[in-house]
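Student: Generate coordinates for the sequence data below:
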Amino acid sequence: MEGFEALTGDPWHAPATAGPATGRRLSVVIPAHNVGHCLRSVLDALAAQTDRGGFEVIVVDDASTDETAAIARTHPAVTRLVRIKERSGAATARNIGTALAVSETILYVDADMLLPEHVIADFSARAAGNLVLVGFRHNLPFGDRRGVLLAGTRPVLEGDHRVRWRPPVGRRLMYSGLVLDKPLDGRPLDDTEDFRDLGFGRTYYDWDLPRMAVTALLGVPRGAVLDVGGFDSEFGRIGWGMEDTHLGAKLIAAGLLVVPLRQAVGFHLDPPDAAAQWEAKLAAWPRTLDRYRRLLELPAPAGRATEFTAYANALRPRCEVLR
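Tutor: Residues are numbered from 1 along each chain as shown. Presented below is the predicted three-dimensional model:
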């Protein structure tokens, strides 16, 4: 952070201003499944970014049954659109997008993340070959969406659980298994000095450093992702969650630094059936967490770019290029 500020004169956590981009060109990779309720707004926001250096947008439609593919096929913000013929999960979709990307930095963005106009430039200016750049999300309930967006309200940093966290009392926490006996107004980001106090096995209650790598909004060097073998696609088969945590763990083991961008906050647009989707995700959590724990017992992967390319090529018959 200090080196960037000394070189540019700009604060690390300040939003980028409009103007020519001086950073790295990005490939924005968006996995999408049945997000017709929000995808057009998400792509409109990408089209309105202040970044002037140019960035590509790759949408990978994971066998949607709604208008997701139709929206992406005609939207001017989309550079490439690939559709997976059979549902494969977000990990596989992100791997396909990563294989197609041409930029040295990948920005993983969820298809329900609405980004303020400066966010692409924020990542572009700060991207480096040794950094995992972490953005944040402010959940916006479906019923509140229209009023909030019409009012021009901006997402706030404390809307993310990694920033302000109020865990349940008397129940086992999802990740660590800890049981708290009194209320906690947790501040993971602040209390760990922007994640500096994590890593090397250190934790903040239910949080560790890999869990801070959330692919709702995450910037990573493409070469590093290929070198560690990309996302483990098995997570998408068995349920929700942990594929991004596992990628974070692999990149940390490879020596990359996990650094937050406090100004990079987007609205996470909840679907109409958010409660039902959340229950389904929680039901799958024990399976994905178990796989994650077992993968951590294996040697840290490295030198897997050739293996990843072969894997991506094997996926081609399962995909159709729509744009």
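
Student: Just checking, which helix or strand succeeds the host helix or strand of residue 72 along the chain?
Tutor: Per DSSP states H and E: residue 72 is located in helix 68-74. Moving toward the C-terminus from helix 68-74, the next helix or strand (DSSP H and E) is strand 80-84.

Student: distance between the helix or strand just after that next one and the chain's centre?
Tutor: Downstream of strand 80-84, the next assigned helix or strand under DSSP H and E is helix 90-100. Chain-centre distance of helix 90-100: 12 Å, with Cα atoms, centre = their mean, to the nearest Å.

Student: Just the buried residues of helix 90-100, please?
Tutor: By 16 or more other Cβ atoms under 10 Å, the buried positions in helix 90-100 come out as 90-100. Just so you know, the C-beta spots here come from the backbone N, C-alpha and C atoms, and that holds for glycine as well.

Student: list the helices and strands it packs on?
Tutor: Packing partners of helix 90-100 (3 or more Cβ pairs under 8 Å, 6 or more residues apart in numbering; DSSP states H and E): strand 26-32, strand 56-62, strand 80-84, strand 105-109, helix 222-227, helix 234-238, helix 243-253, helix 305-314.

Student: Between strand 80-84 and that helix, find me the angle.
Tutor: Angle of helix 90-100 versus strand 80-84, following axes from the mean of the first three to the mean of the last three Cα atoms, to 10 degrees, is 140 degrees.

Student: List of residues touching helix 90-100?
Tutor: Helix 90-100 has contacts (Cβ atoms under 8 Å, 6 or more residues apart in numbering) with 27, 29-33, 58-62, 80, 82, 84, 106, 108, 215, 222, 225-226, 230-236, 243, 308-309, 311-312, 315, 319.

Student: just the buried members of the residues you listed?
Tutor: Taking 16+ other Cβ under 10 Å as the criterion, what is buried in the contacts of helix 90-100 is 27, 29-33, 58-62, 80, 82, 84, 106, 108, 215, 222, 225-226, 230-233, 235-236, 243, 308, 311-312, 315, 319.

Student: ok so, going back, how about the helices and strands packed on helix 90-100, which one is nearest residue 4?
Tutor: Residue 4 sits nearest to strand 105-109 of all the helices and strands packed on helix 90-100, at 14.7 Å, using Cβ to Cβ.

Student: Each with direction, which strands does the helix or strand just after that closest one pair with?
Tutor: Using DSSP H and E, the helix or strand that follows strand 105-109 in sequence is strand 113-114. Using DSSP bridges, the strands paired with strand 113-114 are strand 257-269 (antiparallel).

Student: What average pLDDT does the strand it pairs with get?
Tutor: The average of the pLDDT scores along strand 257-269 is 98.
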